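Engineer: Below: sequence and its predicted model.
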Amino acid sequence: MSTSDVDTRDLDRMRPPHEAREIIARFLTPMPTEFVPLAEAAGRVLARDIIAPEDHPPFPASTMDGFAVVAEDSSPWREIIGTQKAGNVIDAEVTDGYTVRIMTGAPLPPGANAVVPVEATEPAEDHVVIHQENVKPGENVRPVGSDVRAGDLILFAGTRLGPAEIGLVAGMGIDPVPVARRPRISVLSTGDELVEPNQPLGPGQIRDSNRFSLAAALGEEPVEITRIGKAPDTRPELERLLRERFDEDDIIITSGGVSMGELDLIKAILLDSKEVEVHFRRLYMKPGKPLNFATHGKTLIFGLPGNPVSSLVTYELFIKTAIRQMIGVPANQIDRPTLRVTLETDVEPSDRIEYQRGIVRVDAEGRLVASNTGMQRSSRLQSFVGANAFLIIAPRERTYVAGEQVDALMFAPPFA
Ligand code: AMP
Ligand code: MG
C-alpha cells in the first residue's frame, strides 16, 4: 500500500461539494494559446483581449439608398453626376446643385456630407427633386469608426466566440484567432456488465450509457475528445488504458468502479499507482458520493460513479466547471446562478446534500416555483430529462413541504 491509513481516512472524509471544487481548482492548469483559422473558431474561448486594429466603418458610409448631397445646399433640384455603389469610390465630386445616386453601405463620394433617402425624392433620369427641407450634415451617414474605433478594446480574453463575436472578429480582419487550446479529454466507461447500445443484452448485462451521455455533455464545451471507449473490470487492462492516457490528456474521465465493492478497481488503481495522487474520494452529496479526484502530473483524473445520474451530476458540477476554468472563462460565466424557489410539492431530504433534478418555472404571478422530476434514484436518467435546475435539498429531520423555499442551481433558464 502506497498510502497510509491516516491518509486514507482523510481521503474518505465526506467533503462538501464546495470544498471539492476548491481542491480541484488548485490543480487546474490554464490552457496555452493557439491560433486557429477564423472559420474554425466558433465556440472557442479567446485567449487574449482583442484591440480593434482599424476603424469600422473604414469610410463614411450611407445607411440608406438615396442621394448623396451637400447638406447646406437648399435648392430642391440637383443634377445627377453618377452612381455610387458599395465596393468602390467613384471619381466625382458633389457640389451645390449636384448629387450622386448612392446605395446602402456605399462610401460617401467626395464633397457630399449627407444622404437624402429615395423616399424623400422624385428621381428622374438625369436629375432629382428633393422634397426634404433642412437636410442636416451627417444625416444617414455612418462616420468613420462610429461602430468600432481603432484602438478600442472590443473583446475580452475569456470571451466565448458566439455568432456576434465571430462576426466582429471577422470584420476586424483577425484571422487566425488566438484561442485557448481545447483540453484533451478521454472518457472510459468501466464494468463487465456493459455492452454497446446496438447490441442485444445477455444475462446480467446493461448497455453503456455513460460514455454517450458524457460525450454529449463534453460536446457542449470546446474540448477535444482524444479517446472514448469502455473496458472490463480487469485490473491490468484498466491500468494499461489509464497509463496510456496519463501523459497525453489534460483530463481523464472514467465512470464506474469507485464504490465499495471488490471489483471497484478504478478506486484501487488510483490509490495504488505511485505516479498518481488521490485528493478526495467521498463527497457529502447525493448523488455523487464516491467521486474520486486524482492527478498525474498536470493531468486531472475524475473517477465518476457508475450510476448514470451520478456521473452526469458530478460532470456538471465539477468537470464542466474545471474545463471552463482551464480555458479562461471568467468566474461569473462559470458559476450557475442560484435562485430562491418555492416548492410546489413536498420533498423528502436525505442524509447528504441532495442535488435533486428539478423544474423551475415562473408562475402566473411572476414567482419562481419548482418541483422535482419525480423519483430521484441515481440510476433513473429520466430524472434528468427536462430538468433545468438542481434543487439543493440540505439534510434535516423534517420533510420540505410545498410552499417552502429552497435554493435552485440553474443550469438552464426557468420555464414560462
Ligand atoms: P459502479 O460504480 O461500477 O459500482 O456502478 C454503479 C452502477 O452503475 C451499477 O449498477 C452499474 O451497472 C451502473 N453503471 C456503471 N457504468 C455504467 C455505464 N457506463 N452505463 C450505465 N450504467 C452503468
Ligand atoms: Mg462497476
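Structural biologist: Looks like it came in fine. Numbering: from 1, shown residues only. Ligands and ions are numbered 1, 2, ... in the order given.

Engineer: how about the helices of the chain, start to end?
Structural biologist: 5-11, 17-26, 163-171, 210-218, 235-246, 265-272, 308-314, 320-326 (DSSP state H).

Engineer: Next, give phi and psi for the most centrally placed residue in the chain.
Structural biologist: For the chain, the residue nearest the mean C-alpha position is residue 221 (5.8 Å; Cα atoms, centre = their mean). Per-residue torsions, residue 221: phi -120, psi 160 (degrees, to the nearest 10).

Engineer: ok, now how distant is residue 231 from residue 242?
Structural biologist: 9 Å (Cβ to Cβ, to the nearest Å). Where C-beta positions appear, they are placed from N, C-alpha and C, glycine not excepted.

Engineer: do the same with residue 338
Structural biologist: Taking Cβ to Cβ, one finds residue 338 at 36 Å from residue 242.

Engineer: Equivalent analysis for residue 399, please.
Structural biologist: 43 Å.

Engineer: the more surrounded of those two?
Structural biologist: Set residue 399 next to residue 242 and count neighbours by other Cβ atoms under 10 Å: residue 242 wins out with 23 against 11.

Engineer: show me what contacts the more buried one?
Structural biologist: 188, 252, 254, 269, 273, 301 (Cβ atoms under 8 Å, 6 or more residues apart in numbering).

Engineer: a markdown table please, covering those and showing neighbour count, distance to ligand 2 and pLDDT.
Structural biologist: Formatted as a markdown table, the contacts of residue 242 follow (neighbours: other Cβ atoms under 10 Å; distance: Cβ to the ion, whole Å; pLDDT from 0 to 100):
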| residue | neighbour count | distance to ligand 2 | pLDDT |
| --- | --- | --- | --- |
| 188 | 24 | 12 | 98 |
| 252 | 26 | 17 | 98 |
| 254 | 30 | 10 | 98 |
| 269 | 22 | 13 | 97 |
| 273 | 18 | 19 | 95 |
| 301 | 26 | 17 | 98 |
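
Engineer: and those residues, which two are the farthest apart?
Structural biologist: 188 and 273 (14.9 Å; Cβ to Cβ).

Engineer: Tell me which residues touch the nearest residue to residue 166 once chain neighbours are set aside, please.
Structural biologist: Among residues not flanking residue 166 along the chain, residue 42 sits closest, at 5.4 Å (Cβ to Cβ, 6 or more residues apart in numbering). By Cβ under 8 Å, 6+ apart, the contact list for residue 42 reads 161-163, 166.

Engineer: Going by neighbour count, which of those are buried?
Structural biologist: 161, 166 (16 or more other Cβ atoms under 10 Å).

Engineer: Tell me which two in the contacts of residue 42 are the farthest apart.
Structural biologist: 161 and 163 (8.7 Å).

Engineer: So which residues of the stretch 51-200 of the chain form strands?
Structural biologist: 61-62, 66-69, 77-84, 98-102, 114-117, 121-123, 127-130, 141-142, 153-155, 177-180, 184-190, 194-195 (DSSP state E, counting those that start in this stretch).

Engineer: of all these, which lies closest to residue 414?
Structural biologist: Evaluated with Cβ to Cβ, those place strand 153-155 nearest to residue 414, the distance being 28.9 Å.

Engineer: So what are the sheet partners of the closest one and their directions?
Structural biologist: strand 50-51 (antiparallel) (DSSP bridges).

Engineer: before we move on, the earlier item: so what sits against both of residue 231 and residue 242?
Structural biologist: residue 188.

Engineer: on that earlier part again, could you identify which of the helices of the chain has the lowest mean pLDDT?
Structural biologist: Per-segment mean pLDDT for the helices of the chain reaches its minimum on helix 5-11, at a mean of 74.

Engineer: quick one: contacts for residue 90?
Structural biologist: Applying Cβ under 8 Å, 6+ apart, the residues near residue 90 are 82-84, 100, 109.

Engineer: if you set the cut-off to 6 Å instead, what comes out?
Structural biologist: 82, 84, 109 (Cβ atoms under 6 Å, 6 or more residues apart in numbering).

Engineer: of those, closest to ligand 2?
Structural biologist: Within the contacts of residue 90, the smallest distance to ligand 2 is 72.0 Å, found for residue 84 (Cβ to the ion).

Engineer: hang on, that closest one packs against residue 104?
Structural biologist: No - Residue 84 lies out of contact with residue 104 (Cβ atoms under 6 Å); the separation is 10.9 Å.

Engineer: okay, these two: which has more neighbours?
Structural biologist: When residue 84 and residue 104 are compared for neighbours, residue 84 comes out ahead with 23 against 14, by other Cβ under 10 Å.
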